[in-house]
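Asker: Below is the sequence, then the predicted model.
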Amino acid sequence: MSQHKVILLLGSNIGDTKKNLETALDTIRKSGIEILKLSEFLISQPVEFVSSNIFCNIASIISTSLSPIQLLDFVKSIEFEMGRINDSKAIGGYTDRVIDIDIIKYDELNFTSERLEIPHKKHLFEREFSRVLLKDL
């Protein structure tokens, strides 16, 4: 199976946010997915919704044999297992969350479906905290 280089962006603004990110990264690692590089942790304000809870974020480059949809299903399963009940796409907006894992890039693939858009244009071009994290990689 061929390996694909993928950029993930993880964020949390409920509970022990740094520990939540470390738990999600450990789950990714334990599944056999190789984490090639990690950015520094970054603290940021919520974007596109109002909350008094600040975010802790991290970016990661991984190597995986999973297809984009298989990877999406996998990261959504991590979110669910960690207690995330509201998916932003499903509810049509953003709320506080224990964990959020976004697929930002997948090789040089351009892919759009009802559930997934690669590359993730908001993180690449619109969100300042994302650009700071991705610059680290």
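Answerer: Alright, I've got the coordinates.
Asker: CA only for contacts and neighbour counts going forward, please
Answerer: Fine.
Asker: mind checking which helix or strand the residue nearest the centre of the chain is in?
Answerer: Centre of the chain computed as the mean C-alpha position; nearest residue by CA atoms, centre = their mean is I101, 2.4 Å away. Following DSSP states H and E, one finds I101 within strand 100-106.
Asker: Which is the succeeding secondary structure element to that strand?
Answerer: Downstream of strand 100-106, the next assigned helix or strand under DSSP H and E is strand 111-112.
Asker: Other residues contacting that following strand?
Answerer: Applying CA atoms under 8 Å, 6 or more residues apart in numbering, the external contacts of strand 111-112 come out as E117, I118, P119.
Asker: Which elements pack onto the strand holding I101?
Answerer: For strand 100-106, the helices and strands in contact under the criterion 3 or more CA pairs under 8 Å, 6 or more residues apart in numbering; DSSP states H and E are strand 4-12, helix 68-81, strand 117-118.
Asker: Could you identify which of those is most buried?
Answerer: Per-stretch averages of neighbours, counted by mean count of other CA atoms under 10 Å, single out strand 4-12 among these, with a mean of 21.
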